[in-house]
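# generate a structure from the sequence data that follows.
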Amino acid sequence: MIEFVSTSYEDTLKKAESFAKTCEKGTVIGFLGGLGMGKTAFTSGFVKGLGINADVSSPTFAICNEYIGDNDKVYHFDMYRIDSWDDLYSTGFFDYLETDAYIIAAVSYTHLRAHETL
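Numbers count the residues shown, from 1 in each chain. The predicted structure follows:
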């Protein structure tokens, strides 16, 4: 597992941009963190590092945002509303894994804690 420690939004963008240049197509990246911890900021830098010009936003309501460049694709998932394997399957997540696209999946601490209390 790779861990990045950042002290600012700009630092997060820079680290993610550099990291993107080291990843092979088909890389799957998972995030675990709370609200405002930089998951979408990291995705913004990662997308930029691949040379994709896009306005990156959190896919909380869409579940998956797609960022497509000339040579690369990034699928950015927010797992906040995914409660079961059936929910995950219905998003097409497993189909995306069979491509050479980069997959970024974000899970919030809040979501995990809610499931622990059930």
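# what's the host helix or strand of residue 18 packed up against?
If you go by DSSP states H and E, residue 18 is part of helix 9-20. Counting contacts by 3 or more C-beta pairs under 8 Å, 6 or more residues apart in numbering; DSSP states H and E, helix 9-20 packs against helix 39-49. C-beta coordinates here come from the backbone N, C-alpha and C atoms, glycine included.
# state the next helix or strand along the chain beyond the helix it packs on.
Criterion used, DSSP H and E; the element after helix 39-49 is strand 64-68.
# could I have that next one exported to PDB, CA atoms only?
What follows is strand 64-68, C-alpha atoms only, in PDB (Å, rounded to 0.1, in the frame of the first residue of the first chain):
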ATOM      1  CA  CYS A  64     -19.200   7.300 -11.300                       C
ATOM      2  CA  ASN A  65     -17.700  10.200 -13.100                       C
ATOM      3  CA  GLU A  66     -15.800   9.500 -16.300                       C
ATOM      4  CA  TYR A  67     -12.800  11.500 -17.500                       C
ATOM      5  CA  ILE A  68     -11.700  10.700 -21.000                       C
END
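# what lines up beside that strand in the sheet?
Paired strands of strand 64-68, with direction, are strand 73-78 (antiparallel) (DSSP bridges).
# list the buried ones in the very next helix or strand once past the partner strand?
Counting by DSSP H and E, the next helix or strand C-terminal to strand 73-78 is helix 85-90. By neighbour count, with 16 or more other C-beta atoms under 10 Å as the criterion, the buried positions of helix 85-90 are residue 88.
# do the same with stretch 68-84
So for stretch 68-84, counting by 16+ other C-beta under 10 Å, buried means 72, 73, 74, 75, 76, 77, 78, 79, 80, 82.
# many thanks, I have nothing further to ask.
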